[in-house]
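> could you work out the structure for the sequence below:
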Amino acid sequence: MLIRMNTLSDLENLHRAGQISDLAWHFTQLLSRKTQEQRPEVLLASCLVSQWTAAGNICVPLARVAGQAVFTTDATAEGITAPALPQWRSALCHSPLVGQPGDHQPLILDHHDRLYLYRYWHYEHRLAQQLRTLAAAPAPAIDSARLRADLQHYFGPPGAQPNGQKIAAATVVLRRFCVISGGPGTGKTSTVLKVLALLLKHSPPPVIALAAPTGKAAARMHAAITQALRTLDVAPELHAALPSRAQTLHRLLGPLPDGVNFRHHRANPLPLDVLIVDEASMIDLALMSKLVDALPSSARLVLLGDKDQLASVEAGAVLGDICTSTQGISAAFHARLSEITTEPLPAPRAKATPLHDSVVSLSHSYRFGADSGIGRLARAINDGKPQSVMTLLTHKRHADIRWRDLSGPAVVTKLALRLAEGFAPYLRLLAAGADAEAIVAAFERFRVLCALRHGPFGVSGLNRAIERELQRRQLIPTRLYPSDGLWYRGRPVLITRNHDALQLYNGDIGLALPDADGQLRVAFPSASGALRYVLPSRLPEHDTVFAMTIHKSQGSEFDQVLVILPPDDTPILGRELLYTAITRARQEVELWATPQSVRAAVGRRVERASGLHEQLRVGSYSRLP
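Numbering: from 1, shown residues only. You can find the predicted model right below:
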């Protein structure tokens, strides 16, 4: 039943029914108590903006929800009908809780009827200013003829089609800010390595830092650069100057004990000249704003990522907002790129800003060829074509993609058997006494990715089912280590809370292995590639991780990936989720899902409410009349 909200008790009833989160309810109570605000339109808005921000949005676009049911996903369930937009806007404009852009009130309402928590309005406004300033700042002078020759040396002469990597490299050298977006295998990391060689050659040797949002992504960045270094043709002195170590963004910025602020900020900038950040789609609005704020005024920033992947777990979709706001380049930069690269370029944009000139998209995949099933499946998902996706899955023409209908008989039992087969190789190596590096490498080849955390087809249910089946096969002990609770040899764990002292961060994965004395230690791959060991009793919060959520898999890649979607449609299903899941696979992906859930995922694009893309375009906030 839908009602018109009249008092705070209407929200309290929905909170008791589980429709409103504890955070949103207590936030609204606090504001009402502190200001004596009782207008239902304002209380509803404050509760809504808290709940939307917790769900990953930066703001609530009131025009989208005005007159609609809120706090319910089912028209027959209890919920509230939002007021009409003019009535809602008028109430908010006259409330002491609500300010306009530039004010310092708990809530901010802008001239597009977007309602923000003040903190997120400030992050968005600040980041937009920072990126526009960085994009417009002049890069150091270069020798054009020398750069042209070096680009040809590293990337070859121009061909019939534009060489995206060559254009991206030139853009990084010519600009202070650059975003390189591309899917798996498009050569983002190898391009950046050549860029670093160019920068070291064309200017005084800069101080360069490499970073990524998670420890796993940093380790992958290190591995990719180390491998690319083996084939890069540079002088020995340049080879030695190229960085090979990557670190997490939190470690780079230096977290303070309060858990929110960092040691490096505008007044104490990072000691570097060039910062390269991988997996930028995982960076939320707050962290990105603090990162850019900590850059020295003369530094270069290069963001690498895939705009089609899932956005960050926390609020914002910064990389997507940047890329969708900046299609095409200016005529002046078009002429400059043409002169430097001698590559055929698309026509310039009539009206372009410096930010337009700072974004490069790579589309050619060197990992997934034209006949690759994974590559074709990824393109069909991104294009939002459910029928094409189902055709690829059901015709069995590609050896690297497989589909199992999750609605078949005894499917849970069959799934548990299949998952146990996937993990058996590393456990057999463990039983045979293989070295730790070989065991960890075998474990990393296969991973199970789920859309949900709970339920029989979620992470928690499947982890229990996998453990039971592995115990039945005597691959893990039926009696666990009695002194260590749930610990046993071969147990994989996922860190869920940062621990700076141990250099363990949310998303890091370790494997419990015995040392020479039989004492259990948890081995974590480090950014350098070596394993480091931590006692189980010292670990921060963690979970067993035979199966993990697709969100947690970002920044990782595995030879084989088995993806499980729930049999029924759920709002979490979207094409970004499915695309992210299948592109974690290097060689083979296996999808267990019903046709209905596949079609639902491909047909739904998850959009986060934000004003960043507009601020990057127009660059100013107008006050309400």
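> and the longest strand along the chain, how far out from the chain middle?
Secondary structure assigned by DSSP state E gives strand 585-593 as the longest strand of the chain. Once both centres are worked out by CA atoms, centre = their mean, to the nearest Å, strand 585-593 turns out to sit 20 Å from its chain's centre.
> ok, then the element right after that strand?
Of the helices and strands lying after strand 585-593 in sequence (DSSP states H and E), the nearest is helix 595-602.
> got the angle for that next one vs strand 585-593?
Relative orientation of helix 595-602 versus strand 585-593 (axes from the mean of the first three to the mean of the last three CA atoms, to 10 degrees): 130 degrees.
> for helix 595-602, name the packing helices and strands.
For helix 595-602, the packing partners by 3 or more CB pairs under 8 Å, 6 or more residues apart in numbering; DSSP states H and E come out as helix 373-382, helix 386-395, helix 575-582. Using the backbone N, CA and C atoms, a C-beta is placed for each residue, glycine as well.
> list the buried residues in that helix.
Using 16 or more other CB atoms under 10 Å as the test for burial, helix 595-602 gives P595, S597, V598, R599, A600, A601, V602.
> could you find the closest non-adjacent residue to the most centrally placed residue in the chain?
With distances taken as CA atoms, centre = their mean, M282 lies nearest the centre of the chain, 2.2 Å away. Nearest residue to M282 in three dimensions, chain neighbours excluded: P213, at 4.3 Å (CB to CB, 6 or more residues apart in numbering).
> ok, now F546?
Per CB to CB, 6+ apart, closest to F546 is I466, 4.3 Å.
> so that neighbour, which state does it fall into?
helix (DSSP: H, G, I helix; E, B strand; the rest coil).
> that one and R491, how far apart?
11 Å (CB to CB, to the nearest Å).
> P101 should be in a strand, yeah?
No - assessed with three-state DSSP, P101 is coil; it does not lie in a strand.
> I'd say it and H122 touch.
No - with contact defined as CB atoms under 8 Å, P101 does not count as touching H122 (9.8 Å).
> so where's the chain uncertain?
Counting by pLDDT under 70, the chain contains low-confidence ranges at 1-7, 73-78, 202-203, 244, 258-259, 325-326, 369-370, 478-485, 527-529, 618-625.
> so what touches stretch 552-562?
Stretch 552-562 is contacted by residues 184, 212-214, 216-217, 220, 278-279, 281-282, 309-310, 418-419, 422, 444-449, 494, 507, 580-582, 584-592 when judged by CB atoms under 8 Å, 6 or more residues apart in numbering.
> now, of the residues you listed, which are buried?
184, 212-214, 216-217, 220, 278-279, 281-282, 309-310, 419, 422, 444-449, 494, 507, 580-582, 584-586, 588-592.
> coming back round to it: dump the buried residues of helix 595-602 to a markdown table, plus distance to I374.
Putting those into a markdown table (distance: CB to CB, whole Å) gives the following:
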| residue | distance to I374 |
| --- | --- |
| P595 | 20 |
| S597 | 19 |
| V598 | 15 |
| R599 | 19 |
| A600 | 21 |
| A601 | 16 |
| V602 | 15 |
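> just these now: which is nearest H15?
A600 (29.1 Å; CB to CB).
> give the contact list for that closest one.
Contacts of A600 by CB under 8 Å, 6+ apart are D569, L573.
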